[in-house]
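Student: Sequence and computational prediction follow.
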Amino acid sequence: MSFVGIELNRPMEVRTGKALDIKSVSVEFDGFKALTDVTVGVKRNTIHFFIGPNGAGKTTLLDIICAKTKPTSGTVHFYPAEGYEILLTGMKEYEIVNAGVGRKFQVPSVFTEISVYENMVLSLSGNKRIFASIFRKTSAEENDLIADVLDKVGLTEHANKKAGSLSHGQKQWLEIGMQLAARPKIIMLDEPAAGMGKPETFKTGELLQRIKDICTVIVVEHDMEFVKQVADNVTVLHEGKVLIEGNIDDVLADETVQKVYLGRGGD
Ligand SMILES: Nc1ncnc2c1ncn2[C@@H]1O[C@H](COP(=O)(O)OP(=O)(O)O)[C@@H](O)[C@H]1O
Ligand SMILES: [Mg+2]
């Protein structure tokens, strides 16, 4: 049993390593069922993909986790490694971010006129006052954190470049880095490889593999090559329902997935 943001007991999931538990979540928009009875468990320090055709409900599910949208019914529990069950359902968006569940939106939030490093400084404290943030002194720990994150997202050599001069892919990686600066326990990415060519998509996959040691990664994606490259677990959504969940090989081998999602006899 748990209350909003309050811990009452040390749950099983602390030992079994679950980071997130989505239970029987349904969402209706004016009678339209965007999600129906969705139940998904996400294991800690894994890369978990939500895939499925357009309109399947993938983004809506991320919206539910971060409280941008309220479920009609169902719950989402978060289990941080240090062990206290947190009922995310009913919490406010910023409370969920503060609890350690971060989300990168598809809309860019990088400041193009300042450097990569300065963007990182900005994201450190969540300080919205740009000038106060950029010109404040960073501590040794903060600089270490920035250096570590820039290394993970592959932007160390570009730290002093204007963010606006980065390629599309590099800007996306910077945004992921800015999310990581808040040290989230879970990071959610909605189509992080959108608009990227194959080499950049592949590098994004490598990046995700580097960061899953420090946080659980939830990804919404279309590109099957990308999914195959990095997915530990995959949940296929179709018309708001879970079609199948498992490791990538099981999912790809499933006949219904081949019919419904891949749209062909399967290859
Ligand atoms: N705020 C909303 N109001 C009404 N319908 C919505 C809203 N958000 C999403 N939908 C509908 O819910 C369905 C699932 O959308 P979405 O989660 O964005 O799908 P996906 O990300 O898998 O492409 C779509 O049919 C979409 O039109
Ligand atoms: Mg979407």
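Tutor: Yep, it's here. Ligands and ions are numbered 1, 2, ... in the order given.
Student: low pLDDT regions in the stretch 1-150 of the chain?
Tutor: 1-16, 83, 105-108, 125-135 (pLDDT under 70).
Student: those strands in it, which residues are they?
Tutor: Counting by DSSP state E, counting those that start in this stretch, the stretch 1-150 of the chain has these strands, from start to end: 18-29, 32-43, 47-51, 73-78, 86-87, 101-104.
Student: Which one of these lies nearest to ligand 2?
Tutor: Nearest to ligand 2, of all the strands of the stretch 1-150 of the chain, is strand 47-51, at 9.2 Å by Cβ to the ion. Every residue, glycine included, has its C-beta placed from N, CA and C.
Student: what sits up against the closest one?
Tutor: Residues outside strand 47-51 that contact it (Cβ atoms under 8 Å, 6 or more residues apart in numbering): 40, 42, 58, 61-62, 208-209, 212, 216-222, 224, 227, 230-237, 261.
Student: one step back: can you add distance to residue 169 and mean neighbour count and give the strands of the stretch 1-150 of the chain back as a markdown table?
Tutor: Putting those into a markdown table (distance: least, Cβ to Cβ, whole Å; neighbours: other Cβ atoms under 10 Å) gives the following:
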| stretch | distance to residue 169 | mean neighbour count |
| --- | --- | --- |
| strand 18-29 | 27 | 19 |
| strand 32-43 | 26 | 18 |
| strand 47-51 | 18 | 24 |
| strand 73-78 | 30 | 19 |
| strand 86-87 | 34 | 20 |
| strand 101-104 | 14 | 23 |
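Student: contacting residues for residue 244?
Tutor: Applying Cβ under 8 Å, 6+ apart, the residues near residue 244 are 235, 236, 250, 251, 254, 256, 257.
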